[in-house]
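[1] below: sequence and its predicted model.
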Amino acid sequence: MQVRRKRLKKRIRFSFFLVIALAVVLFIIFSSNKLNKTVTIEAGTKDLKASQFIKNKNTTGTFVTDLSSINMNMPGVYKIEIKIGNKVYSSKLKIEDTIAPKAELVNQEVWTEEKIDAKEFVKNIEDFTEVKASFKEQPDFSKAGEQKVFIILEDTSGNKTELEGLLKVKEDTEPPVIEGAHDQTVFIDDKISYKKDVVVTDNRDEDIKLEVDSSDVNIKKEGSYKVIYKAADSSGNTAEKTVTFKVIVKPKGYVSKEELDILADKVLAGIIKGDMSKIEKAKVIYNWVRGHISYVDHSDKSDWVKAAYQGIKKGSGDCFNYFAAAQELLTRAGIQNQEIIKLGGGHYWSLVNCGNGWYHFDTTPRISGGVFFMLTDAEITEYSRKNGNSHVWDKTKYPATPLN
């Protein structure tokens, strides 16, 4: 009897522990089944919700994991923790990239032997991972003409897109152009800058070496000498231009443009302030020329540079000196201007444009008086009518002034 009781107690105790163990197992199973084991999304997904991880759609939960710490564009597997009620459960987030890249195709043109990368054929690439571009087959950059090219776009997950484009290979047969080289007259023992103002341009190359052969020139002896300019581009096309340098004895009283510019700049430095507008600069130039030069009834009109130098340096001259001096000062001050010659000759003045249209600008004083600064066609014509047709010009050759 006693033995039987002991056996019964053992059975009861075993059953109790069995029930407890089963309950624990059921609890673990029940707990782990709250969430899906793994949730898979496409790279680039922006709106991830906790409900996607919870099996029971009627159950709500919140993320414990800071989603901002996960790069949603980067394929991989990430641990996710979600709180349901008072408990935290774990799952996995799998980010995968299954979508091939997209891009816009850009056809290209190159010169023969000029190579470009495959990436030059595409723009506006769409993909959430890094994309590399490569040629399916290397193009022939040495052959002129058009050829198809196939561009392979591949992202970091191995997704590929193939695009078909067109490559045009151009052959350069156009020689460079030499500009600014022209016949010149220089003086004995002058220092000559053969490349000054000479420019070489090319349809392909930007920086082309200019070669000058001046070995024929004897700067110590009067005569005419040939100077040869040569240039070659990277394709082997060549250009050549031959000009004549005439060496003479410097005439008495000769003035160079450089000398005139230095003199004019000194005058402008004394009358112009940095904050002046163009019309204010034109006004002080007008006043200076008109007040500085004394009128004499003759001048050498064969050289405007010499005439301007005389007007500025010596302060004397006729209307040609007044005009020439004003032209030099206006130009050095950056004010657009042009010469007007009276019909039949006998008088010179200027048109100036300070940014608001062309106006008449005449610094020469007249016995009958008058100020000729920024006058319209109508205003100067009215003065001319009353003063012996002082300002008559071919209006078809010059821009019209504003009406007022």
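    Perfect, I can see it now. What you see is a predicted model, and the numbers here were worked out from it, not measured in a lab. Numbers count the residues shown, from 1 in each chain.
[2] what about the helices in the stretch 1-150 of the chain?
    Counting by DSSP state H, counting those that start in this stretch, the stretch 1-150 of the chain has these helices, from start to end: 2-32.
[3] could you verify that residue 289 is part of a helix?
    Yes. The assignment for residue 289, made by DSSP: H, G, I helix; E, B strand; the rest coil, places it in a helix.
[4] ok, it - contacts?
    Residue 289 sits next to 311, 322, 325-326, 329, 363 when contact means C-beta atoms under 8 Å, 6 or more residues apart in numbering. (Glycine included, C-beta is placed from N, CA and C.)
[5] now with 7 Å?
    Counting by C-beta atoms under 7 Å, 6 or more residues apart in numbering, residue 289 touches 322, 325-326, 329, 363.
[6] would you point out the most distant pair within those residues?
    The span of the contacts of residue 289, defined through C-beta to C-beta, is set by 322 and 329 at 11.1 Å.
[7] who's more crowded, these two?
    residue 329 (29 against 26; other C-beta atoms under 10 Å).
[8] can you put the contacts of residue 289 in CSV and add pLDDT and secondary structure?
    CSV is the format used below for those (pLDDT from 0 to 100; DSSP: H, G, I helix; E, B strand; the rest coil):
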residue, pLDDT, secondary structure
322, 98, helix
325, 98, helix
326, 98, helix
329, 98, helix
363, 98, coil
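[9] and which of these is nearest residue 193?
    Distances from residue 193 to the contacts of residue 289, taken by C-beta to C-beta, are shortest for residue 329, at 25.8 Å.
[10] how much space between the closest one and residue 110?
    Using C-beta to C-beta, to the nearest Å, residue 329 is found at 51 Å from residue 110.
[11] go on, residue 366?
    66 Å.
[12] residues near the residue nearest to residue 353 when sequence neighbours are not counted, how many?
    Distances taken as C-beta to C-beta, 6 or more residues apart in numbering place residue 336 nearest to residue 353, at 4.3 Å, with adjacent residues excluded. Counted with other C-beta under 10 Å, residues neighbouring residue 336 total 13.
[13] and the chain, split by domain according to the record?
    When the chain is parsed with automatic domain parsing, its domains come out as 27-96, 102-170, 177-248, 257-397.
[14] pull the number of nearby residues for residue 293.
    23.
[15] check it and give its pLDDT.
    Listed pLDDT for residue 293 reads 97.
[16] please apply the same query to residue 6.
    59.
[17] what about residue 385, which helix or strand?
    Per DSSP states H and E, residue 385 falls inside helix 377-386.
[18] just the C-alphas of that helix, formatted as PDB.
    Output of helix 377-386 as PDB, limited to C-alpha atoms (Å, rounded to 0.1, in the frame of the first residue of the first chain):
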ATOM      1  CA  ASP A 377      20.500 114.500 -84.500                       C
ATOM      2  CA  ALA A 378      17.700 117.000 -84.300                       C
ATOM      3  CA  GLU A 379      19.600 119.300 -81.900                       C
ATOM      4  CA  ILE A 380      22.800 119.400 -83.800                       C
ATOM      5  CA  THR A 381      21.000 119.700 -87.100                       C
ATOM      6  CA  GLU A 382      19.100 122.800 -85.800                       C
ATOM      7  CA  TYR A 383      22.300 124.400 -84.700                       C
ATOM      8  CA  SER A 384      23.900 123.600 -88.100                       C
ATOM      9  CA  ARG A 385      21.000 125.200 -90.000                       C
ATOM     10  CA  LYS A 386      21.400 128.400 -88.100                       C
END
